[in-house]
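1. here are the coordinates; sequence isn't available:
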């Protein structure tokens, strides 16, 4: 259907010619990644014909299946600002997917269409401060009570990704019938965005991870996304694709960091020989080459399964968990080696690898910490061999 | 072309019903894996329609491409005796490939046909005692001098895989025009098979790794395989596919060991709960699940590249090196965890995982130790980023 | 008190001059390590003044404290047959310690004295086939019923270390008052030694790990070791020292394997340079150097704590658990690297490192698998920070 | 001599009561760590009697030997601002050591006395931008030409640690007689401090890592530290102790991060149980416990050797290289686990572990990257087994 190699080629060209220069301004020179800059980059992506790898052509997207996304998003991930330039960055990527699968026609018109087009950004409000829901969604404390007019939500969330400047937020709240998803407009007077949290992945996106508050936040019945009480199963619809998109994006960044390191050690000399000829440097290089090929393989495996069986099939979820865990750890190793291969320069943010490493740390935790995912992976494997 | 899922299914059934019971006799009860037993197993494989995944239909093989082989050989590898039952075990697998690509018609008739049919076994005589050729083929000491009647080979080899009982041996020897491959019949009076070496992978195949001697070993011109002086490039023809076949086979064994461990911990209780519910056991399980999916991915990647570009293309060799290194280390980790999950029973050869682990150790060394392969992998990567 | 450096020096000399030649006969030439050979080696150790590092001078021992033992036993461990030559090998090491701390005078005279003198060997019967006691001693099934004449023991044990040829066995059995230790003479008609189990650590000691049976095995009241019902606390007396002795012995073997590898790569050439000059080989060397220094450090830490606070103090048990876990894994890594540095020769039992690796595998499981010990380590650490 | 346990106790108390509250202001609230704050903290340390663990009593120091320093500095390292509060932070720690061993009386009076007393700070100018000296000191490009009046230094340095606000800098420059160390006053008109580099370890000390320039920088003969041409051997005097001091300090920070994680998971619940009871969390805890005990062991080993044989003895340098490499990697692992155990909060700088991890990254590179040190470690080991 799609000429994927060509699309990958054009994405790579777009990233290196249009995004990378801006990335340097943001990472090294302190330019702020705000919505104005996002819109500027997305405009360029549209002109380059690479915008919207995750959304449907009817919304201006490319209509790629998951396996195709894997190739394009790895190319886009080569820059910290690449995925957002293509409108494939959290939490919009997952929200686009979720709305496309779950929202009714009116909700799609009102929320999905502008989101998929890059006109607005969105947020997701799931995680709560202790003793609320963290890795364990069962601990949800935010509560929506039903009224004659609809619902009234109360509760505090944090790590609300994308909140600053978002047009709307998808809020997961308990009801008397179980966890439920609500679409809340950002200008709802009962919704307040608090502090942007000082997280390690601070640089790369507008909106941040924020503390937010729902205080007597009134929403109509039409704000319910999907079915009342089905909030956690619906989160599953979003989860496997979202984990994979992260894996694709971050793998791209790891590959870029690896290539920066290769060029660096090809050009530097130490102890009488190019660093590239030192055996211990070569060991780091080879390990990263292997991590990258393996990471690409696990992503592809999961992507093909999702395309064949849908994102909520047990096998899809198993493989997406494997992909998220393996790739998040492989990316960390690759970027850590890239820093090490840069020597002292590697810990100096004049060189992008230092920033890449810091930004990547959270990926081993969000969308399921490695330990929580390993538990799921093991349980599924064990069930199959009783 | 082929109904690969069906073939995989039948291979799995064959292994578990026909080979596994014999494997237990060999590993646990001390039955000797000799040529009589090999022929018996291969006869059963032929009856099951799963014989010859590596050879051409004209020789009774299945004519699979590399990507198809990957699936079938993983299934076959589930038993230590599985690959040899299908005629896909070293060194015959590589020799079949080499002869199919390089031998002339007469050599194919005389050597390839009976080898591919399982009528005979073969050996490869490459590695030499120090200071001869080990990991570095450039250190070759065995020498073939040209005479009017052909060639006379002199030299000592060790780790000559498959030598005991082989019908012929492919010998790599230096000539005045460079390294050359010779087909030497085992009954050549100048060829002597010495001691079978006490290697850790002793159990699983007839023929062993042997010390052999070429003493004034006369062969005719027609014994030259390929071209005089082209011995090392020809070895490359054999190398990538052989590395991949090992990876496929051993991955199968790792999967089997992993599944044995899953069943074990599902059935045992400790500290008040099934071992399967202990978090640290689950961590081992999840790591092995990830290693297996990743290993399968890197094999597939390399296999598809070989099918697209041939076994000696630079990319094929790069990816086969990556696959061999990654898979040999992943297999080792998976089997080591399988032992650990068995507790004390895991180091007792009543349980197959103990033997699997011991047998697997050599795979990280033969066909290129991890360190030599990492050097190649790094150099290719670095060349691409100068 | 003791001139420990001199004792270490003499131990090293004894091992390399007297034990190593015999070790080669056993490992490479198939000589059987039986009690005759043990007695011959122990006689030589006595003549060299290095016998009995774990026992009291009144029994012919050297009377070393734990920190001193650490140095002597690392030297002794340089050979697979070293520790047993000094009478410091399982299970006698732990049984000597246990009897010295717990046995009454008559039991010490009858059991400890000949054991400490090397006149006899002993066994320990703790582990049981499923669903009995494995890593979890609480699952004990062997039962001793009290009678007018004493006790009658019934139950099956396996991994009964040292059973073949032992003079007596320490059996842990349940009673109506809880787990209890019994001293059972090997010629008790109710005690039967069954099969020696085919474990990976088969070579290095007489007595093996055996299946044994207690069938209406009658023992008098005087066979109770310590107090009825105190079997598990008494096992703790034995446990920390026994774990440390293993750590000391195996560290010695790892150091030896490492040194064999150093000499090997100093003497071999590959790709135009001594292997010792290849960066990736140097990385393996440096990692092993670090593992060895770290392992020595954790052993010393635990040994000094035991000497200061006794073997059952909480801190002693914590540090002994840390030492056992860390050292068993470090030893495995060091020996695995030693094999790898030997290349193909490393997986061939002509070279001792292959056998060393195989023998060492069980150490990560017996006396507490790494996972069980990690659980204990973590719990103690967590308790201290509530 | 010293009551070390008491000193450790008082240091711990000082850190937790006086330094930790300030640390939070710096890390979380953005208070700047400048010289005013340093002087304030050092004044408190003097009042607490814990100032100067690295310097001689004649300069107001505690006069500890290396093994004693190890205990005190681990306690001090518990806060990012702890070591500098005690005047035991780079580069002053190494400069104090160097000046104490190498400076003449006048130089000691003028430079060492105020430095050891905390009245001033110093810098070290060694590393140069490519193609100058990085890990390989042999590539030194900064050049000092001899004149009638003394020396004139020209060259650019970077990663000049402590430069902003330093009273003087120790500059390593080439002369016609080889590398030489010069004491350069910061107000020398030929010396210019440029940009503070944006390194990952930005927070924790005044002075930073800076770009500096020597431009026709005139110094008298009396500025030569030690002997002309002996700059590199003199750097060795500084190196082993400096590496160890870093190891001690950072180990302290890792221990603190580990304890923060223990308290965190003791207090949080997930999936129906305190996180502290989840097996995979316990595995992380146990691994960190082991890393810490092992790290402490290797530091102690090296410290005792330095105390016995001096800082430039071959064994001292070997063990200091091992300690620096092992500890820098263990610290990284421990802090990384501490982040992971905090879950999402761990990557948010509200919690100190996020900052600890970022700050610690450079330790695996400065004072010798792991790969360079592994090369040294391996070479020394190999030399001993030729």
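-> That came through, no problem. Remember, predicted model here, so these are calculated numbers, not experimental data.

2. helix/strand/coil for the closest residue in space to residue A:313 that isn't next to it in sequence?
-> Counting by Cβ to Cβ, 6 or more residues apart in numbering or on different chains, residue A:313 lies nearest to residue A:305, which is 7.3 Å off, once chain neighbours are set aside. From N, CA and C alone the C-beta is placed, and that goes for glycine too. At residue A:305 the chain is in helix, as set by DSSP: H, G, I helix; E, B strand; the rest coil.

3. What distance do you get for the closest residue to chain C within chain A to residue B:288?
-> Closest approach between chain A and chain C, counting by Cβ to the nearest Cβ: residue A:279, at 1.7 Å. Distance of residue A:279 to residue B:288, given as Cβ to Cβ, to the nearest Å: 30 Å.

4. and if you look at residue A:251?
-> Going from residue A:251 to residue B:288 by Cβ to Cβ gives 22 Å.

5. Looking only at neighbour counts, state which of residue A:279 and residue B:288 leads.
-> residue B:288 (28 against 19; other Cβ atoms under 10 Å in any protein chain shown).

6. Correct me if wrong: that one contacts residue B:258.
-> Yes: assessed by Cβ atoms under 8 Å, residue B:288 is found in contact with residue B:258 at 4.8 Å.

7. Can you tell me which helices and strands the host helix or strand of residue A:301 packs against?
-> Using DSSP states H and E, residue A:301 maps to helix A:279-309. Counting contacts by 3 or more Cβ pairs under 8 Å, 6 or more residues apart in numbering or on different chains; DSSP states H and E, helix A:279-309 is packed against helix A:66-76, helix A:231-267, helix A:314-341, helix B:279-309, helix B:314-341, helix B:370-383, helix C:279-309, helix D:370-383.

8. Indicate which one of those helices is closest to residue A:369.
-> helix A:314-341 (9.1 Å; Cβ to Cβ).

9. Is the helix or strand just after the closest one positioned near chain D?
-> Using DSSP H and E, the helix or strand that follows helix A:314-341 towards the C-terminus is helix A:352-360. Yes: interface with chain D: helix A:352-360 contributes A:354, A:357-358 (Cβ under 8 Å from any Cβ of the partner chain).

10. Around chain B, which positions in chain A sit nearby?
-> A:259, A:262-263, A:265-266, A:276, A:279, A:281-283, A:285-287, A:289-290, A:293-298, A:300-301, A:319, A:322, A:325-326, A:371, A:373-375, A:377-379, A:381-382, A:384-386.

11. Could you rerun that using 7 Å?
-> By the rule Cβ under 7 Å from any Cβ of the partner chain, the part of chain A lying against chain B is A:259, A:262-263, A:266, A:276, A:282-283, A:285-286, A:289-290, A:293-294, A:297-298, A:300-301, A:319, A:322, A:325-326, A:374-375, A:377-378, A:381-382, A:385-386.

12. Would you agree residue A:211 is in contact with residue A:158?
-> Yes: counting by Cβ atoms under 7 Å, residue A:211 touches residue A:158, with 4.7 Å between them.

13. shared neighbours, these two?
-> residue A:197 (Cβ atoms under 7 Å, 6 or more residues apart in numbering or on different chains).

14. more crowded one of those two?
-> Comparing residue A:211 with residue A:158 by neighbour count (other Cβ under 10 Å), the higher total belongs to residue A:158, at 24 against 17.

15. list residues touching both of residue B:288 and residue B:258?
-> residue B:334.

16. Touching, residue A:200 and residue A:358? I think so.
-> Yes: counting by Cβ under 7 Å, residue A:200 does reach residue A:358; the two are 5.1 Å apart.

17. what about stretch A:269-277, near chain C?
-> No: with Cβ under 7 Å from any Cβ as the criterion, chain C is not reached by stretch A:269-277; the gap is at least 8.8 Å.

18. Run through the residues that contact the residue in the stretch 101-250 of chain A positioned nearest to chain B.
-> When distances are taken as Cβ to the nearest Cβ, the stretch 101-250 of chain A reaches nearest to chain B at residue A:247, 12.5 Å away. Counting by Cβ under 7 Å, 6+ apart, residue A:247 touches A:299, A:323-324, A:327.

19. how about the closest residue to it other than its chain neighbours, what does it touch?
-> For residue A:247, ignoring the flanking residues on the chain, the nearest one in space by Cβ to Cβ, 6+ apart is residue A:327 at 3.9 Å. When contacts are counted by Cβ under 7 Å, 6+ apart, residue A:327 touches A:247, A:250-251, A:295, A:298-299.

20. Name the nearest residue to residue A:75, sequence neighbours excluded.
-> That would be residue A:11: by Cβ to Cβ, 6+ apart, it lies 4.1 Å from residue A:75.

21. Please report how far that neighbour lies from residue A:317.
-> Distance, residue A:11 to residue A:317, using Cβ to Cβ: 28 Å.

22. Could you check which of those two is surrounded by more residues?
-> More crowded of residue A:11 and residue A:317, by other Cβ under 10 Å: residue A:11, with 28 against 22.

23. Name the helix or strand for residue A:211, please.
-> strand A:209-219.

24. Give me the contact list for whichever helix or strand comes after that strand.
-> Next helix or strand after strand A:209-219 toward the C-terminus (DSSP H and E): strand A:224-225. With Cβ under 7 Å, 6+ apart as the test, strand A:224-225 has contacts from A:102-103, A:107, A:170, A:180-183, A:234.

25. thinking again about what came up before, name the SS class of the residue nearest to residue A:75, please.
-> helix.

26. Report pLDDT for it.
-> pLDDT, residue A:11: 98.

27. buried residues in stretch A:184-197?
-> A:184-186, A:188, A:191-193, A:197 (16 or more other Cβ atoms under 10 Å in any protein chain shown).

28. from the residues you listed, which ones fall inside strands?
-> A:184-185, A:191-193 (DSSP state E).

29. quick one: which of the residues you listed is nearest residue A:47?
-> Using Cβ to Cβ, these come closest to residue A:47 at residue A:185, 30.5 Å.

30. And for the closest residue to that closest one other than its chain neighbours, the neighbour number?
-> Among residues not flanking residue A:185 along the chain, residue A:168 sits closest, at 5.2 Å (Cβ to Cβ, 6+ apart). Counted with other Cβ under 10 Å, the neighbours of residue A:168 add up to 23.

31. I'd guessed residue A:168 sits against residue A:114; true?
-> No: if you go by Cβ under 7 Å, residue A:168 and residue A:114 don't touch, sitting 9.4 Å apart.
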